[in-house]
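Engineer: Below is the sequence, then the predicted model.
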Amino acid sequence: MAILPTSQQHVPWNKGKLIGQKAPLKLKDIWAIRIRLQLGHKTRDLALFNLAIDSKLRACDLVKLRVSDVSQGGQMASRAMVMQRKTGRPVQFEITQSTREAVQAWITCADLKPSDFLFRSRVSDSPHLSTRQYARIVHRWVGDAGLESGSYGTHTMRRTKASLIYRRTRNLRAVQLLLGHTKLESTVRYLGIEVDDALEIAEQTDV
């Protein structure tokens, strides 16, 4: 049987890549990134980071947020509701005080109008930040914070607060509603909690 030259051999698409769910950020990681953005006066990135954590939205929904989705009459809302692109179902999320301040600062800095996309693209043929651009930004955040960028991605931002809420409350139903999942099983798989909980039990069992 003939052996193909190295240049013609099939290379697996996942060779050298980390496969599987992207890890959520820990509290210390959130603050490491947030402080760097604050010290660097990264007004847009701080607003994007904070809103990504609070909203728990998929990248495709986050990048399409408009000013009117989070602000009414020039005042930041404490809660917002958007229609999810993937499911076609509405989902609500809270906007914490620090996020409201960061987003308002960005709206003022960028002189955005209510109908404007909150995070406009700097590429002329795109009206808003693309998911690809957002992914690059996330990788830059985690890399600058000294984390292994390959272990994190845009779903990291969606999973982070949901994971923290579950760890504190063990309330799966609440997390399901916050993520906009139609099935509880989806939330269990998404958080990977069965494996994590099993490991925690094992670690506490000395034999």
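Structural biologist: Received it, and whenever you're ready, just let me know what you need. Only a predicted model underlies this, so the values are computations on that prediction, with no experimental measurement involved.
Engineer: In the lengthiest helix in the chain, which of the residues would be classed as buried?
Structural biologist: In the chain, assigned by DSSP state H, the helix with the most residues is helix 154-169. The neighbour-count check on helix 154-169 (16 or more other Cβ atoms under 10 Å) flags 154-166 as buried. Just so you know, the C-beta spots here come from the backbone N, C-alpha and C atoms, and that holds for glycine as well.
Engineer: Would you quantify the distance from the residue nearest the centre of the chain to Gly74?
Structural biologist: Of all residues in the chain, the one closest to the mean position by Cα atoms, centre = their mean is Met157, 2.1 Å from it. Distance of Met157 to Gly74, computed by Cβ to Cβ, to the nearest Å: 27 Å.
Engineer: same thing with Gly40?
Structural biologist: As for Gly40, its distance to Gly74 is 27 Å (criterion: Cβ to Cβ).
Engineer: secondary structure class for Val82?
Structural biologist: Classification of Val82 using DSSP: H, G, I helix; E, B strand; the rest coil returns strand.
Engineer: Give me the secondary structure label for Arg36.
Structural biologist: Applying three-state DSSP: Arg36 is helix.
Engineer: Surely it and Gly146 touch.
Structural biologist: No. Under the criterion of Cβ atoms under 8 Å, Arg36 makes no contact with Gly146, lying 9.9 Å away.
Engineer: Which one's more surrounded, the two?
Structural biologist: Remark: of Arg36 and Gly146, Arg36 carries more neighbours, 17 against 9, as counted by other Cβ atoms under 10 Å.
Engineer: Which residue, neighbours along the chain excluded, lies closest to the more buried one?
Structural biologist: In this structure, Arg36 finds its nearest non-sequential neighbour in Asp144, 5.9 Å apart by Cβ to Cβ, 6 or more residues apart in numbering.
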